[in-house]
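Participant: quick one: sequence and predicted model below, then my questions.
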Amino acid sequence: MLRPNNIDTIVAQATPFGRGGVAVVRLSGPIIRSIMRALFGCELTPRQATYLPFKNSNGCLIDQGLAIFFEAPHSFTGEDILELQCHGSPVVVDLLLQHTLSLGARIARPGEFSERAFLNSKIDLTQAEAIADLIAATGTRAARLALQSLQGEFSKAIHAINKKIIALRTYIEAMIDFSEEDIELISDTAITEQLQRIITGLMQLTTGAKQGSLLREGITVVIMGEPNVGKSSLLNCLSEKEIAIVTETPGTTRDVLRDTILIAGIPTHIIDTAGIRESDDLVEQEGMRRAYQEIEKADLVIRVTDATTDIQNTTINNTCTLTILLEKAGIHPAPTHQNNCPIITIRNKIDLLSELPSLTQHENHICVALSAKTGVGVDLLKNAIQSHVGLHAQEEGLFLARRRHLDALSKTTTHITDALNQLQTTRSIVFIAEDLRLAQQSLNEITGEFTSDDLLGSIFSTFCIGK
Ligand SMILES: Nc1nc2c(ncn2[C@@H]2O[C@H](COP(=O)(O)OP(=O)(O)OP(=O)(O)O)[C@@H](O)[C@H]2O)c(=O)[nH]1
Ligand SMILES: [Mg+2]
């Protein structure tokens, strides 16, 4: 592990930058006691808030406030920590930081406090990531799930599966080591059953992690369609803001416009694009090229049509795929185009036809009749987006997973499946043992028990300073 030999004492503002009632400056490391003596002329009693003047090296007052000393190892980082609560002025914070730097501390890198907590085994990697996720959470559900992970729920679920792999590995390794001796061997059927049980556990965990990752990452929904059908009006209506310019001139939108809204607690990144039509206008062509780029990355496409003019296009047609839609619009997707993501068709402007809002479904294809101008039927669209995402209402078994967690779970499942295949084909105990070892290694990447220094560096560098 990357425990440095010469541990610096680090300092950072733990509260957001700017003005406020109170700001917190946090220090962690081996020279905290000498910093306390320089700042206050004494060492503080651990875990006791003391109201004190904070002085610079000339004895001049910088501020007065509360100071709390957490003695190692009973602190967040496992090292001595000093927290200074001063008035929330950027000038005061800066003076305090400068003074602590002159006393031998250095400015912390982003995530360095959490990194030290991890390296000193105060928290595991999923808990460290949960701190960053809790801070970044955009909705109450995401915040609740981050807190659960911080309390160790995700790690507990990983450990439960790990225990099963270890138990099986122990048997298998013993079969290799003592194959000549008279030990009780477990049958192939028993090994198969145990492997299958591990796979089932991994599948359940992956489902919960995938669902939870939606709350963290959100989904990308791209609005596409011909010019003037009301795409930008729909973006404005969904985001309840005047983000896009709306005019009756076809070809108004050229740039890609985005906003993120919460639909059933899921961050939904809505993207409005240029209207798609044959055009000689270079700017419009560039707009369409950008629209196409966004469509390629979409999780869901909302195809808007004008109900007053476009009757046959809105007919529900379950053979309507993204590729067909793009070709109809004169865009010929590259042969590498893979995204055949689901499409919801909108019959917009129903207010002009005095039609009632509706949601119709034919096999997998959904059509919503609404008015982006008056807002009627937009709730139906939100419901359709929500059911497309398919997020469970209950939170049990959901984990606010990251991409790397999903990758590690998938690798683990592959290794266990390989072990099962070995059992059914080569029946080589040595190969099975190796697959189980690799499975355990992949699973341990999640909690950080087996993680390369490079990966750790990249994880913690995404944290904010002071955490
Ligand atoms: N009556 C009515 N008018 C609408 C509705 N939605 C949009 N419009 C009008 O249709 C015209 C075009 O709307 P936009 O939202 O700019 O359409 P767009 O698809 O973004 O158009 P481009 O950016 O040019 O591709 C504007 O005059 C809107 O006021 C609707 O539901 N009902
Ligand atoms: Mg527009």
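Facilitator: Cool, the structure landed. Ligands and ions are numbered 1, 2, ... in the order given.

Participant: are we agreed that residue 250 is in a helix?
Facilitator: No: with DSSP: H, G, I helix; E, B strand; the rest coil as the criterion, residue 250 is located in coil rather than a helix.

Participant: that one reaches residue 276, doesn't it?
Facilitator: No: the pair residue 250 / residue 276 is not scored as a contact, 11.2 Å apart, by CB atoms under 8 Å. C-beta here means a position set from N, CA and C on the backbone, and glycine is covered the same way.

Participant: which residues touch stretch 271-281?
Facilitator: Stretch 271-281 has contacts (CB atoms under 8 Å, 6 or more residues apart in numbering) with 220-229, 231-232, 234-235, 243-244, 250-258, 284-285, 287-288, 290-291, 294-295, 298, 326, 329-331.

Participant: if you could redo that for stretch 365-375, that was the one I meant.
Facilitator: Residues from elsewhere that reach stretch 365-375, judged by CB under 8 Å, 6+ apart: 230, 233-234, 236-237, 304, 307, 314, 316-318, 320, 343-351, 355-361, 376-378, 380-381, 384, 388.

Participant: returning to that earlier point: looking at residue 250 and residue 276, which is more packed in?
Facilitator: When residue 250 and residue 276 are compared for neighbours, residue 276 comes out ahead with 24 against 13, by other CB atoms under 10 Å.

Participant: before we move on, what's the pLDDT of that one?
Facilitator: We have a pLDDT of 85 for residue 276.

Participant: quick one, strands of this structure?
Facilitator: Using DSSP state E, the strands assigned to the chain run over residues 10-13, 20-28, 50-55, 61-70, 81-88, 106-107, 219-225, 257-263, 266-272, 300-306, 343-348, 358-362, 365-369.

Participant: between the ones you listed, which gets nearest to ligand 1?
Facilitator: Proximity to ligand 1, assessed across those by CB to the nearest ligand atom, is greatest for strand 343-348 (4.9 Å).

Participant: for residue 406, see how far away the residue nearest the centre of the chain is.
Facilitator: Central residue of the chain (CA atoms, centre = their mean): residue 216, 3.8 Å from the mean position. Counting by CB to CB, to the nearest Å, the gap from residue 216 to residue 406 is 11 Å.

Participant: before we move on, what about residue 349?
Facilitator: 41 Å.

Participant: these two: which is more packed in?
Facilitator: Each of residue 349 and residue 406 has its neighbours counted (other CB under 10 Å); residue 349 has more, 24 against 16.

Participant: what is the burial count for residue 48?
Facilitator: Neighbours of residue 48 under the rule other CB under 10 Å: 9.

Participant: excluding its backbone neighbours, what's nearest it?
Facilitator: Excluding the flanking residues, the one nearest residue 48 by CB to CB, 6 or more residues apart in numbering is residue 68, at 7.1 Å.

Participant: quick one: the one you found and residue 75 touch, right?
Facilitator: No: Residue 68 is not in contact with residue 75 according to CB under 8 Å; the separation is 10.1 Å.

Participant: looking at those two, which is more packed in?
Facilitator: The residue with more neighbours, out of residue 68 and residue 75, is residue 75; 23 against 18, by other CB under 10 Å.

Participant: and the more buried one, how far from residue 36?
Facilitator: Using CB to CB, residue 75 is found at 14 Å from residue 36.

Participant: before we move on, what about residue 252?
Facilitator: 63 Å.

Participant: what does residue 26 give?
Facilitator: To residue 36, residue 26 is 14 Å away according to CB to CB.

Participant: find residues that contact each of these two.
Facilitator: Contacts common to residue 26 and residue 36, judged by CB under 8 Å, 6+ apart, are residue 82.

Participant: okay, domains of this protein per the record?
Facilitator: 10-124, 134-214+402-448, 218-389 (automatic domain parsing).

Participant: ligand 1 is nearest to which of those?
Facilitator: Per CB to the nearest ligand atom, nearest to ligand 1 of those: domain 218-389, 2.7 Å.

Participant: residue 236: what's it in contact with?
Facilitator: 242, 243, 244, 246, 372.

Participant: pretty sure the fourth one contacts residue 257?
Facilitator: What it means is residue 246. No: with contact defined as CB under 8 Å, residue 246 does not reach residue 257; the gap is 11.2 Å.

Participant: so what pLDDT did residue 181 get?
Facilitator: 56.

Participant: correction: residue 171
Facilitator: 83.

Participant: tally of neighbours for it?
Facilitator: If we define neighbours as other CB under 10 Å, then residue 171 has 18 of them.

Participant: same check on the one 3 residues further on?
Facilitator: Using other CB under 10 Å as the criterion, residue 174 is surrounded by 15 other residues.

Participant: show me the helices in the protein, by range?
Facilitator: Applying DSSP state H to the chain gives helices spanning 32-40, 90-102, 112-119, 125-136, 140-150, 153-177, 188-217, 231-239, 282-297, 322-328, 378-389, 403-424, 429-447, 453-461.

Participant: weakest of the ones you listed by average pLDDT?
Facilitator: helix 322-328 (a mean of 62).

Participant: that older thread, of residue 252 and residue 36, who's got more company?
Facilitator: Ranked by neighbour count (other CB under 10 Å), residue 252 and residue 36 place residue 36 first, with 20 against 16.

Participant: list the residues that contact the more buried one.
Facilitator: 42, 43, 44, 67, 69, 82.

Participant: which two among those residues are spaced furthest apart?
Facilitator: Within these, 42 and 82 form the most distant pair, 12.7 Å apart (CB to CB).

Participant: give me the more crowded residue out of the two.
Facilitator: In terms of neighbours (other CB under 10 Å), residue 82 is the more surrounded of residue 42 and residue 82; the figures are 25 against 10.

Participant: pull the contacting residues for that one.
Facilitator: Counted by CB under 8 Å, 6+ apart, residue 82 has contacts 26, 27, 28, 32, 35, 36, 44, 67, 68, 69, 70.

Participant: can you check residue 228 too?
Facilitator: By CB under 8 Å, 6+ apart, the neighbours of residue 228 are 248, 249, 250, 251, 252, 275, 306.

Participant: burial count for the nearest residue to the last one once chain neighbours are set aside?
Facilitator: Spatial nearest neighbour of residue 306, excluding adjacent residues (CB to CB, 6+ apart): residue 229 at 4.4 Å. Applying the criterion other CB under 10 Å, we find 27 residues in the vicinity of residue 229.
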